[in-house]
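S.K.: Coordinates for the following, if possible.
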Amino acid sequence: MNLKRLILAIVVGFIFIFATDFLIHAVWLMPDYNATKSLWRPEAEMNARFPWMLGAQLLCAITFVLLWASGFASRGSVGLACAYGFLIGLLVPVTTIITFVVSPLPPELAFKWFLSGVAQSILLAVVIFFVYKPSPQTAGS
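M.R.: A predicted model of the protein is given here:
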């Protein structure tokens, strides 16, 4: 594992997750959240917990990159990155289905969460593929 590229990939992954989460939740899904305000914490409470959100996004980036670097990067290709992202993307938003079952979420919102989670994961994997690309001498070894 190349520590310098690993750290760079984690930083890039974190920025990607933060930016795409903003686009997904603060832009695309905001009308859905406004229509279901009674389900969510007040904005002041959410803002007070924002460091927890950043920590979760960082933990996601670290885990995603470490798994890629330790098991896939040496034989990586864009196709493998897409497959990796798709599989992780199926695993992570499973909690969306569980949340839909136990909470009064509109099915459309749960569906959007699930789809955006899969798409975000695939795109993240492609980004990480290009950032944490093995050098030619280590590829395939």
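S.K.: Give me the buried positions along the helix or strand hosting T96.
M.R.: Assigned by DSSP states H and E, T96 belongs to helix 94-102. Going by neighbour count (16 or more other Cβ atoms under 10 Å), the buried part of helix 94-102 is T96, F100. C-beta coordinates here come from the backbone N, C-alpha and C atoms, glycine included.
S.K.: roughly how far out does it sit from the chain middle?
M.R.: 17 Å (Cα atoms, centre = their mean, to the nearest Å).
S.K.: who touches it?
M.R.: For helix 94-102, contacts defined as Cβ atoms under 8 Å, 6 or more residues apart in numbering pick out L105, P107, A110, W113, F114, G117.
S.K.: Let's see the lowest-mean-pLDDT helix or strand in the chain as PDB, backbone CA atoms only.
M.R.: Of the helices and strands making up the chain, the lowest-confidence element is helix 94-102, at a mean of 94, by mean pLDDT, DSSP states H and E. Below are the C-alpha coordinates for helix 94-102, written out as PDB (Å, rounded to 0.1, in the frame of the first residue of the first chain):
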ATOM      1  CA  VAL A  94     -29.600  -1.500   2.900                       C
ATOM      2  CA  THR A  95     -30.100   0.600   6.100                       C
ATOM      3  CA  THR A  96     -32.400   2.800   3.900                       C
ATOM      4  CA  ILE A  97     -34.700  -0.200   3.400                       C
ATOM      5  CA  ILE A  98     -34.600  -1.000   7.200                       C
ATOM      6  CA  THR A  99     -35.300   2.700   8.000                       C
ATOM      7  CA  PHE A 100     -38.300   2.600   5.500                       C
ATOM      8  CA  VAL A 101     -39.700  -0.400   7.300                       C
ATOM      9  CA  VAL A 102     -39.500   1.000  10.800                       C
END
